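Q: With the sequence up front, the predicted model follows.
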Amino acid sequence: MHKQIYVNLAVDNLDRSTRFFGALGFTFNPQFTNDQATCMVIGDNIYAMLLVKPFFSTFTHKTLCDPAHSTETLLCLSCESRAEVDALVAKALEAGGTAPRVPQDHGFMYGHGFEDPDGHIWELVYMDPNAVIPS
C-alpha cells in the first residue's frame, strides 16, 4: 500500500474554500465531507482536509494562528509545466486569491504561488526533468 498524505488546514468558511479550490479544478471526496470538513483531492495519495476552525481545534490543544498574518506552513505542489503553474495562479486570482510575490524563474525551475482566501500559501513549481541529476 502506498503512503498517503493528508494536510489539515483550518478555514473560516468551508463553502467559500470549497468554491475557491473547485474553481482551480480540485475535486472533493464526498465520503469524507460534511458541514465541518471536506476532503480535497490534490493527486494520487495526496489530500487536503479543509476543516472549519472550531472543528480543527478539537485536534490540538495549541492556539490556531491566523494564516493571513502568520505563516503556519508553505504548501508546495509540483506542476507538469510552466504553463500549468501560470494557469493555476490565474485561476486562483480569478477565484479571489492573491499572489504574494512575482514568479521566480531559475532556468531549470520555475515557480509562482498564491494565497487562498484564508491566507494559506500555496507554492507551485515546475522543474525541468532534464535538469534533474539522478542520484
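A: Yes, it's here. Residues are numbered from 1 along each chain as shown.
Q: SS state for Gln31?
A: Under DSSP: H, G, I helix; E, B strand; the rest coil, Gln31 falls in the helix class.
Q: who are the neighbours in contact with it?
A: Gln31 sits next to Cys39 when contact means CB atoms under 8 Å, 6 or more residues apart in numbering. The way it works is simple: take the backbone N, C-alpha and C, and place the C-beta from them, glycine included.
Q: again, but for Ala10
A: Leu51, Val52, Lys53, Phe56, Ser57, Leu64, Pro67, Asp118.
Q: now do Asp118
A: Residues in contact with Asp118 (CB under 8 Å, 6+ apart) are Leu9, Ala10, Val11, Asp12, Ser17, Pro67, Ala68.
Q: What's the local residue count around the residue lying closest to the last one once chain neighbours are set aside?
A: So that's Ala68. Excluding its sequence neighbours, the residue lying closest to Ala68 (CB to CB, 6 or more residues apart in numbering) is Gly119, at 3.4 Å. Residues lying near Gly119 (other CB atoms under 10 Å) number 18.
Q: same deal with Ala48?
A: Ala48, neighbours per other CB under 10 Å, totals 22.
Q: what sits opposite it in the beta ladder?
A: On the basis of DSSP bridges, Ala48 is bridged to Val7, Met40.
Q: any idea how far it lies from Asp128?
A: 27 Å (CB to CB, to the nearest Å).
Q: okay, how far is it across stretch 76-87, tip to tip?
A: 16 Å (CA to CA, to the nearest Å).
Q: Tell me how far it lies from the chain's centre.
A: Averaging C-alpha positions (CA atoms, centre = their mean, to the nearest Å) puts stretch 76-87 13 Å from its chain's average.
Q: Let me see the contact set for Leu64.
A: Going by CB under 8 Å, 6+ apart, Leu64 touches Ala10, Lys53, Phe56, Ser57.
Q: Over to the last one. Which of the three states is it?
A: In other words, Ser57. The local conformation at Ser57, judged by three-state DSSP, is helix.
Q: element containing the closest residue to it other than its chain neighbours?
A: What sits nearest to Ser57 in space, not counting adjacent residues and going by CB to CB, 6+ apart, is Leu64, at 6.3 Å. Leu64 belongs to no helix or strand when assigned by DSSP states H and E.
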